[in-house]
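K.L.:
Structure here, sequence nowhere to be found:
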């Protein structure tokens, strides 16, 4: 059941939602058989419980990811949010106009032109002709199909149809955009264009709900994410942690040895958090050439030489591009909590990056926290480097 909320900070609130379906087990071949089965108490179906007591909320301006294995219930949840299904119990409340895109191109007619399909699809989504008029030029420009809009859709290639459908999806001016597995569309150039759109959507604080099996997309775009397993919420929160939990769900349970537990307990430095910041605000998606601060909160249980603590950065192919100590001289980080700020002259190339913090002891490099941070560089700068020289780091501040 949908409604309107008074809390302006919340775009979507799901409370104690459950959903089940009746799956037929046998068919009665005649009215006589149907009556006979009814007398014997044979219902001819079984109940499949898809979602069980799901509760969460999404803040306005969040890019929220929903992940899970096939059959976990995530697509059913999306259809409940989009009011395609109604829940058996619980409530779903939205604040603002929700625009669902469960499948790209649903409702397109191959016998109509591209222009006619834009208006048809828009009408099915609840937009008036005036609203479609206002966004039509933007849709055509984004899809790069200006020379083909008067041709019938059946003459489009599959890639052209996907581009048109996706352009309608993202140019519709809804308050909440719901997407189901639609980011990997079109050729490489169009995908980069789509990435730029989502970069701007994040900067403009648009509310987006994304269901996907792509963990790179979860890490790259999402502010928070949720893992659904067997119809229940298994994990919700940091997108990197949720993505790791999803990937780990395909592996057999790992039994941590007593030696590994002892090593973890002896760790001399705890990395509590690591963020890339622009003007004091956390930003995982950075424009090429946009300088940023790498801000890390750590806690030391003893004196640690700053020159033994390293920031290690790897690109999307797991190739090391930067390894940098926190100091060159013999300064010492005292026991307690500290904030380490690394001011970075951004010469990173386009792509995804992950950051580890490590400690060099007498015999080996100890990983304090693997994948402490992931960030993405959008677009292309005038000068980029595949391996970044630590001298391009402007300043390191340890407080």
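P.N.:
Yep, it's here. Everything numeric here is computed off the predicted structure, so don't read it as measured data.
K.L.:
elements contacting the helix or strand where residue 115 lies?
P.N.:
Per DSSP states H and E: residue 115 is located in helix 114-124. Under the contact criterion of 3 or more C-beta pairs under 8 Å, 6 or more residues apart in numbering; DSSP states H and E, helix 114-124 touches helix 129-143, helix 158-171. C-beta: built from backbone N, CA, C; applies to glycine.
K.L.:
Tell me how many other residues surround residue 289.
P.N.:
16 (other C-beta atoms under 10 Å).
K.L.:
just checking, it touches residue 344?
P.N.:
No. Applying C-beta atoms under 8 Å as the test, residue 289 and residue 344 come out as separate, 11.4 Å apart.
K.L.:
Could you list the single helix or strand in the protein with the lowest mean pLDDT?
P.N.:
helix 258-265 (a mean of 51; mean pLDDT, DSSP states H and E).
K.L.:
Out of the helices and strands packed on helix 114-124, which gets nearest to residue 360?
P.N.:
Nearest to residue 360 among these is helix 158-171 (46.3 Å), distances taken as C-beta to C-beta.
K.L.:
For the closest one, give the mean pLDDT please.
P.N.:
Here helix 158-171 scores 79 as its mean pLDDT.
K.L.:
Touching it from outside, list them.
P.N.:
99, 101, 104-105, 108, 114, 117-118, 121-122, 135, 138-140, 142-145, 148, 153, 156, 177, 179, 182, 185-187, 190, 194, 197, 201 (C-beta atoms under 8 Å, 6 or more residues apart in numbering).
K.L.:
The helices and strands packed on helix 114-124: which one's closest to residue 56?
P.N.:
Judged by C-beta to C-beta, the one of the helices and strands packed on helix 114-124 that comes nearest to residue 56 is helix 158-171, at 23.5 Å.
K.L.:
so what does the helix or strand following that closest one touch, helix or strand wise?
P.N.:
Tracing the chain past helix 158-171, the next element assigned as helix or strand by DSSP H and E is strand 176-180. Counting contacts by 3+ C-beta pairs under 8 Å, 6+ apart, strand 176-180 is packed against helix 74-81, strand 98-101, helix 158-171, strand 207-211.
K.L.:
Would you mind pulling the contact partners of strand 176-180?
P.N.:
With C-beta under 8 Å, 6+ apart as the criterion, strand 176-180 contacts 11-12, 75, 78, 81-82, 94, 96-103, 169-170, 201, 206-211.
K.L.:
give me the number of residues near residue 205?
P.N.:
12.
K.L.:
Which secondary structure state does the nearest residue to it once chain neighbours are set aside sit in?
P.N.:
Spatially, and ignoring its direct neighbours in sequence, residue 205 is nearest to residue 61 (3.3 Å; C-beta to C-beta, 6 or more residues apart in numbering). Here residue 61 takes the coil state, with states given by DSSP: H, G, I helix; E, B strand; the rest coil.
K.L.:
Quick one: low-confidence residue ranges for the stretch 201-350 of the chain.
P.N.:
253-266 (pLDDT under 70).
K.L.:
In it, mark out all the helices, start to finish.
P.N.:
Remark: helices assigned in the stretch 201-350 of the chain by DSSP state H, counting those that start in this stretch are 215-221, 239-248, 258-265.
K.L.:
and the first one, which residues are buried?
P.N.:
By 16 or more other C-beta atoms under 10 Å, the buried positions in helix 215-221 come out as 215, 217-221.
K.L.:
same for it, what does it pack against?
P.N.:
Counting by 3+ C-beta pairs under 8 Å, 6+ apart, helix 215-221 packs on strand 63-67, strand 207-211, helix 239-248, strand 351-360, strand 365-378.
K.L.:
So what's the model's average confidence on the first one?
P.N.:
Average pLDDT, strand 63-67: 92.
K.L.:
That one relative to strand 176-180, how many degrees between them?
P.N.:
For strand 63-67 against strand 176-180, the angle by axes from the mean of the first three to the mean of the last three C-alpha atoms, to 10 degrees is 30 degrees.
K.L.:
partners of strand 63-67 in the sheet?
P.N.:
With DSSP bridges as the test, strand 63-67 is paired with strand 207-211 (parallel), strand 224-229 (parallel).
K.L.:
could I get those strands as CSV with mean neighbour count and distance to residue 395?
P.N.:
Below are those laid out as CSV (neighbours: other C-beta atoms under 10 Å; distance: least, C-beta to C-beta, whole Å):
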stretch, mean neighbour count, distance to residue 395
strand 207-211, 23, 35
strand 224-229, 22, 32
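K.L.:
Just send the ones you listed back as TSV, with distance to residue 239 too.
P.N.:
Below are the strands paired with strand 63-67 laid out as TSV (distance: least, C-beta to C-beta, whole Å):
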stretch	distance to residue 239
strand 207-211	10
strand 224-229	4
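K.L.:
Quick check: which of these is nearest to residue 361?
P.N.:
The nearest among the strands paired with strand 63-67, by C-beta to C-beta, is strand 224-229 at 34.8 Å.
K.L.:
between the closest one and helix 239-248, how big is the angle?
P.N.:
20 degrees.
K.L.:
Please identify the deepest-packed of the helices and strands packed on helix 114-124.
P.N.:
Greatest average neighbour count among the helices and strands packed on helix 114-124 goes to helix 158-171 (a mean of 21), per mean count of other C-beta atoms under 10 Å.
K.L.:
Residue 143: what's it in contact with?
P.N.:
160, 163-164, 166-167.
K.L.:
Number of residues surrounding the closest residue to residue 127 other than its chain neighbours?
P.N.:
Leaving aside its sequence neighbours, residue 127 sits nearest to residue 172 (C-beta to C-beta, 6+ apart; 6.8 Å). Neighbourhood size, residue 172 [other C-beta under 10 Å]: 20.
K.L.:
which ones are touching residue 172?
P.N.:
Contacts of residue 172 by C-beta under 8 Å, 6+ apart are 99, 122, 125, 127, 135.
K.L.:
Make sure the third one is actually in contact with residue 97.
P.N.:
To tie it back to what came earlier, the one meant is residue 125. No. Using C-beta under 8 Å as the test, residue 125 is too far from residue 97 to be in contact (9.9 Å).
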